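Starting from these lines, generate the structure:
(chains A and B)
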Amino acid sequence: MLLRMSSLFLRTLRDDPADAEVPSHKLLVRAGYVRRVAPGIYSWLPLGKMVLENVTRIIREEMNRMGGQEVLFPALLPREFYEATGRWTEYGDNIFRLQDRKGADYLLGPTHEELFTDMVKGEYSSYKDYPVTLYQIQTKYRDEARPRAGILRGREFVMKDSYSFDLDDDGLKRSYEQHREAYIRTFDRLGIDYKVVFAMSGAMGGSASEEFLAPTPTGEDTFVACRSCDYAANAEAVVTSAPAARAIDDAAPLQVLDTPDTPTIESLVSYVNEHHGLSITAADTLKNVVVKVFTPGSGKTETLVIGVPGDREVDFKRLEAALSPGEPAIFEAADFAAHPGLVRGYIGPQALRELGIRYLVDPRVVTGTSWVTGANEAGRHAANVVAGRDFTPDGTIEAAEVRAGDPCPRCGSALSIDRGIEIGHIFQLGRKYADAAGLDALGPDGKPIRITMGSYGIGVSRAVAVIAEQSHDSLGLVWPREVAPADVHIVGTGKENQVEAALELATELESRGARVLVDDRAQVSPGVKFKDAELLGIPTIVVVGRGLSQGVVELRDRVSGEKSEIPLVEAADRVLAAMA
RNA sequence: CGGGGCGUGGCGCAGCUUGGUAGCGCGCUUGCUUUGGGAGCAAGAAGUCGCAGGUUCAAAUCCUGUCGCCCCGACCA
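All right, here's what the predicted structure looks like:
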């Protein structure tokens, strides 16, 4: 492959685009890889298309290697497929809907579980056919409430999604492990720095789920990682270690205290320390947060109180994950008005049973722990409120915020907390979709076997952005070799014979199998060519310039930043060696 | 949906307070010079000032409405 800058469809920009915030977005636009068409919708220019193709190719190779078979479904889908699983309505505003000339409903596919399930059902019917894994690399459409960060979160994006179909749980586990290994190979080849973290498996019976997160400051997901062992989890999936229960007998008796004007934890702590001779911190208080939880299936809304140590906030994302598919919402003034028993700012768990309100606590609130909490009267709190004696929770819930330094649930060491971008998700789905579609195989005994499925995704276009996000410097992009649009960028600085020599070198390298981009532009100053080469991010740069008269050229490694002068006659060999 | 900001040649921006018929940088075209760090000089092409209505002799500028976009929070590859 030989690309010439003189004819390449490319225009680099000197300034960052005004609408870009994150590095990948700025650089991909400046370097002429992508252009915005509409919010969350981008066009790929030649160099960008090459990178996207390289990423796609690597993913495809690894999927094929693990035995996946590629298919392709339409993006334009009739409503029926999503009707059976209830997702036509469940997906809500996130789906792009349209109608044909006859008024029939269609949608642009946001995901394809239904189609895969249906296809397998239509073709396979015997246990001898299984297991099977199918995948596709396809454009998905989701009408995101807020697309952002360029192609990191678009409304149109390329995704690799695959599904495994197995006869039993062991088979599903094997398929899951195969995908896990394939993903590790894939992301390694893509040159992405990533972490495999535990994820929420959801309330649909899935037994295991892991996410591949690329750590980046601009990431939207929060995850924890242990510094000593290899535990890592999405913040939503972090398990809080509970301390051992304590004896109740020797606990001091419950004491109600006057605490006027102390509706917040902060005001409470300073008041009781000053006026009641206590010396407590926020961690000694029990904060009770009221939420209302809507359950989509039943259409019912339940009032629920969550108890967490007073030094921690309730993390709404964790709460949502813990209550899923229930949808929690903040308890508002009107809701308090309807529940006079709940005294805002002074709620204590002692009265909840009487009120018939369910009470779930943080796992740290174990039997025998003693708390300062509300007395269910305005202006009063209670001290020495002991779990198991003065109140009995209805269960525990993972809703409190996770903080750096919290103990690892596996080994007890301190957890670190970071942000990452989700680039892959593997998930043991179980039988939800097989149940909905009635996907069975006929077993050897003549009885039907309900198929169990796994679902596995990679954000393909997102991976391009993630690579750019992780792999750049102050000058521009720095592509990992396998995804770079070319292996070598040969710059012929101004003078005629330098451009000519650059073209000769380019031709030789091309004939020896290198993918070459050569800057053969006339009338363009060396500075411009250097800047463009650095911005475009091809891993090896060869400058054919002022050293040419002495028969030397300059070899630059974009990754290490090393520069060296080498004889022109050795240039081709050196570049090929760098590629190996 | 809640909060913040912005709509002016292809890109980045000024002009708006105090109305007078549009300007700067980059990019683009032509010529000459220049050629190792986003060159110089000269001459050019290119803009419904988001849209609609209003006020006015006159609106990018003032008023009203409207549309769109970006950023921060609730969803997800």
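
what's around the closest residue to RNA strand B within the stretch 201-350 of chain A, how many residues?
RNA strand B sits closest to A:Glu320 of the stretch 201-350 of chain A, with a gap of 3.9 Å, by CB to the nearest atom of the strand. (Glycine included, C-beta is placed from N, CA and C.) A:Glu320 has 18 neighbours, counted by other CB atoms under 10 Å.

same check, this time on A:Gly446
A:Gly446: 6 neighbours (other CB under 10 Å).

And the host helix or strand of A:Gln498, how far out from the chain middle?
In the assignment (DSSP states H and E), A:Gln498 maps to helix A:496-511. Chain-centre distance of helix A:496-511: 44 Å, with CA atoms, centre = their mean, to the nearest Å.

Could you give the average pLDDT over stretch A:252-270?
Regarding stretch A:252-270, the rounded mean pLDDT is 78.

hmm, the helix holding A:Gln498 in reach of RNA strand B?
No: figure legend: helix A:496-511 not in contact with RNA strand B (CB under 7 Å from any atom of the strand); closest approach 7.6 Å.

for that helix, packing partners?
If contacts are counted by 3 or more CB pairs under 8 Å, 6 or more residues apart in numbering; DSSP states H and E, helix A:496-511 sits against strand A:2-4, strand A:488-492, strand A:516-519, strand A:540-544, helix A:568-579.

looking at these, which is closest to RNA strand B?
Among the helices and strands packed on helix A:496-511, strand A:540-544 comes nearest to RNA strand B, with 4.5 Å by CB to the nearest atom of the strand.

immediately after the closest one, which helix or strand?
Using DSSP H and E, the helix or strand that follows strand A:540-544 in sequence is strand A:552-557.

Assign the closest residue to A:Asn54 other than its chain neighbours to helix, strand or coil.
Leaving aside its chain neighbours, A:Asn54 sits nearest to A:Val483 (4.5 Å; criterion: CB to CB, 6 or more residues apart in numbering). Three-state call for A:Val483 (DSSP: H, G, I helix; E, B strand; the rest coil): coil.

if I look at A:Val483, how far off is A:Gln470?
12 Å (CB to CB, to the nearest Å).

Look at A:Asp573 and say how many residues are nearby.
For A:Asp573, the count of nearby residues is 12 (other CB under 10 Å).

Quick check: A:Ser413 vs RNA strand B, distance?
According to CB to the nearest atom of the strand, to the nearest Å, A:Ser413 and RNA strand B sit 26 Å apart.

residue contacts, the nearest residue to that residue once chain neighbours are set aside?
Sequence neighbours aside, A:Ser228 is the residue nearest to A:Ser413 in space, at 3.9 Å (criterion: CB to CB, 6+ apart). Contacts for A:Ser228 (CB atoms under 8 Å, 6 or more residues apart in numbering) come out as A:408, A:411, A:413.

Reformat the residues you listed as JSON lines; add pLDDT and neighbour count.
Below are those laid out as JSON lines (pLDDT from 0 to 100; neighbours: other CB atoms under 10 Å):
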{"residue": "A:Cys408", "pLDDT": "84", "neighbour count": "23"}
{"residue": "A:Cys411", "pLDDT": "84", "neighbour count": "12"}
{"residue": "A:Ser413", "pLDDT": "83", "neighbour count": "14"}
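
could these be laid out in a markdown table, adding distance to A:Ile192?
What follows is these, written out as a markdown table (distance: CB to CB, whole Å):
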| residue | distance to A:Ile192 |
| --- | --- |
| A:Cys408 | 25 |
| A:Cys411 | 27 |
| A:Ser413 | 26 |
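
From these, pick the one nearest A:Val543.
Comparing the contacts of A:Ser228 against A:Val543 with CB to CB places A:Ser413 closest, at 49.1 Å.

so the closest one sits right up against A:Ser241, yeah?
No: the pair A:Ser413 / A:Ser241 is not scored as a contact, 11.3 Å apart, by CB atoms under 8 Å.

Which residues are in contact with each of these two?
Contacts common to A:Ser413 and A:Ser241, judged by CB under 8 Å, 6+ apart, are A:Pro407.

The helix or strand harbouring A:Ile417 pairs with which strands, and in what direction?
Taking DSSP H and E as the criterion, A:Ile417 maps to strand A:415-430. When pairing is defined by DSSP bridges, strand A:415-430 lines up against strand A:209-215 (antiparallel), strand A:221-226 (antiparallel), strand A:452-459 (antiparallel).

how about TSV for those, with distance to RNA strand B and mean pLDDT added?
TSV is the format used below for the strands paired with strand A:415-430 (distance: least, CB to the nearest atom of the strand, whole Å; pLDDT from 0 to 100):
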stretch	distance to RNA strand B	mean pLDDT
strand A:209-215	7	90
strand A:221-226	5	85
strand A:452-459	3	92
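
Kindly reformat those strands as TSV containing mean neighbour count.
TSV is the format used below for those (neighbours: other CB atoms under 10 Å):
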stretch	mean neighbour count
strand A:209-215	24
strand A:221-226	21
strand A:452-459	26
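
out of those, nearest to A:Gly277?
Closest of the strands paired with strand A:415-430 to A:Gly277 is strand A:221-226, at 38.2 Å (criterion: CB to CB).

For the stretch 301-450 of chain A, just list every one of the helices.
Listed in chain order, the helices of the stretch 301-450 of chain A (DSSP state H, counting those that start in this stretch) span A:316-323, A:333-338, A:352-355, A:432-437.

how far out from the middle of the chain is the third one?
Using CA atoms, centre = their mean, the mean C-alpha position of helix A:352-355 is found 40 Å from that of the whole chain.

Look at the residue nearest to A:Ser413 and tell me its secondary structure.
Look at A:Ser228: counting by three-state DSSP, its state is coil.

ok so, going back, what residues are bridge-paired with the closest residue to the residue of the stretch 201-350 of chain A closest to RNA strand B other than its chain neighbours?
Closest residue to A:Glu320 apart from its sequence neighbours, by CB to CB, 6+ apart: A:Pro328 at 6.0 Å. Beta bridges link A:Pro328 to A:Val293, judged by DSSP bridges.

swap in A:Phe198?
A:Phe198 has the following beta-bridge partners by DSSP bridges: A:Glu210, A:Ala233.

picking that back up, mind putting the helices of the stretch 301-450 of chain A into CSV with mean pLDDT and distance to A:Arg57?
Converted to CSV, those look like this (pLDDT from 0 to 100; distance: least, CB to CB, whole Å):
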stretch, mean pLDDT, distance to A:Arg57
helix A:316-323, 77, 35
helix A:333-338, 71, 54
helix A:352-355, 76, 58
helix A:432-437, 81, 29
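
Those into JSON lines, with extra columns for distance to A:Gly494?
As requested, those are exported to JSON lines (distance: least, CB to CB, whole Å):
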{"stretch": "helix A:316-323", "distance to A:Gly494": "56"}
{"stretch": "helix A:333-338", "distance to A:Gly494": "72"}
{"stretch": "helix A:352-355", "distance to A:Gly494": "80"}
{"stretch": "helix A:432-437", "distance to A:Gly494": "62"}
